[in-house]
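**Student:** sequence-free structure coming up:
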């Protein structure tokens, strides 16, 4: 149980830090999405 909780906590932490970077680089993210779709 503890290992699973640690895994979930780690995933949540990486996701939150990822979104923090996304907020700062929203324009770059949009450009990247456009590149991926084309």
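**Tutor:** Perfect, thanks for sending it. As the structure is a prediction and not an experimental result, all values here were calculated from the model.

**Student:** every contact and neighbour count from this point should use C-alpha atoms.
**Tutor:** Fine.

**Student:** the bottom helix or strand of the chain by mean pLDDT?
**Tutor:** Sorting the helices and strands of the chain by mean pLDDT, DSSP states H and E puts helix 26-37 at the bottom, at a mean of 75.

**Student:** show me what that one is packed against.
**Tutor:** Using 3 or more CA pairs under 8 Å, 6 or more residues apart in numbering; DSSP states H and E, no helix or strand is in contact with helix 26-37.

**Student:** so how far is it off the chain centroid?
**Tutor:** Centroid separation for helix 26-37 versus its chain: 14 Å, with CA atoms, centre = their mean, to the nearest Å.

**Student:** cool, stretch 29-38 as well?
**Tutor:** 16 Å.

**Student:** and stretch 6-21, by the same measure?
**Tutor:** That offset, for stretch 6-21, works out to 7 Å (CA atoms, centre = their mean).

**Student:** tell me the mean pLDDT over it?
**Tutor:** Averaging pLDDT along stretch 6-21 yields 82.

**Student:** give me the buried positions along it.
**Tutor:** For stretch 6-21, the neighbour count (16 or more other CA atoms under 10 Å) marks no residue as buried.

**Student:** start the count at 550, not 1, going forward
**Tutor:** Okay, residue one is now 550; in that scheme the one you just asked about reads as stretch 555-570.

**Student:** okay, the angle between the helix ranked longest in the chain and helix 575-586?
**Tutor:** Counting by DSSP state H, the longest helix found in the chain is helix 551-573. Interaxial angle of helix 551-573 relative to helix 575-586 (axes from the mean of the first three to the mean of the last three CA atoms, to 10 degrees): 100 degrees.

**Student:** name the helices or strands packed onto helix 551-573?
**Tutor:** Helix 551-573 is packed against no helix or strand, with contacts defined by 3+ CA pairs under 8 Å, 6+ apart.

**Student:** rerun at 10 Å
**Tutor:** Counting by 3 or more CA pairs under 10 Å, 6 or more residues apart in numbering; DSSP states H and E, the packing neighbours recorded for helix 551-573 are helix 575-586.

**Student:** identify the residues contacting the helix it packs on?
**Tutor:** With CA atoms under 10 Å, 6 or more residues apart in numbering as the test, helix 575-586 has contacts from 568-572.
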